[in-house]
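Undergrad: The amino acid sequence is not available; the structure is as follows:
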């Protein structure tokens, strides 16, 4: 019997819809330090991407319309994303600055929080919200 999931794939992985998969790959690499694990193309168009962070699969995504999907990004739909992603990083201030340089919108600047994390929030190119944190 085959294993329940492929080796190295967590039990839960977010799968996002993005407007431009190549731009999202470049943003996630520049802003957060993600590394591409897999990229599936069809006639030169990116259809599916998997990216890792600290050697763990962290996110998968596909462009709007891929595989016949009717899903839209929060930006395309003109809505606020109902979820956010909480990403632990080595240095909140530097990752926050890199994210802004890569095109993210600041939602909250880095500051120490009562629950014990240094914390900041940004919105990515497609309108998804990312919390950046480091345990103090």
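TA: All right, it came through fine. What you see is a predicted model, and the numbers here were worked out from it, not measured in a lab.
Undergrad: The longest helix along the chain packs against which elements?
TA: Among the segments of the chain that qualify as a helix by DSSP state H, the longest is helix 21-32. Secondary-structure packing of helix 21-32 (3 or more C-beta pairs under 8 Å, 6 or more residues apart in numbering; DSSP states H and E): strand 35-42, strand 45-53, strand 56-63, helix 92-101. Using the backbone N, CA and C atoms, a C-beta is placed for each residue, glycine as well.
Undergrad: Count the residues that sit near residue 85.
TA: Counted with other C-beta atoms under 10 Å, the neighbours of residue 85 add up to 16.
Undergrad: ok, what's across the strand from the nearest residue to it once chain neighbours are set aside?
TA: Nearest non-adjacent residue to residue 85, counting by C-beta to C-beta, 6 or more residues apart in numbering: residue 130, 5.1 Å away. On the basis of DSSP bridges, residue 130 is bridged to residue 85, residue 122.
Undergrad: from memory residue 130 sits against residue 121, does it?
TA: Yes - in this structure residue 130 lies within contact range of residue 121 using C-beta atoms under 8 Å: 6.9 Å.
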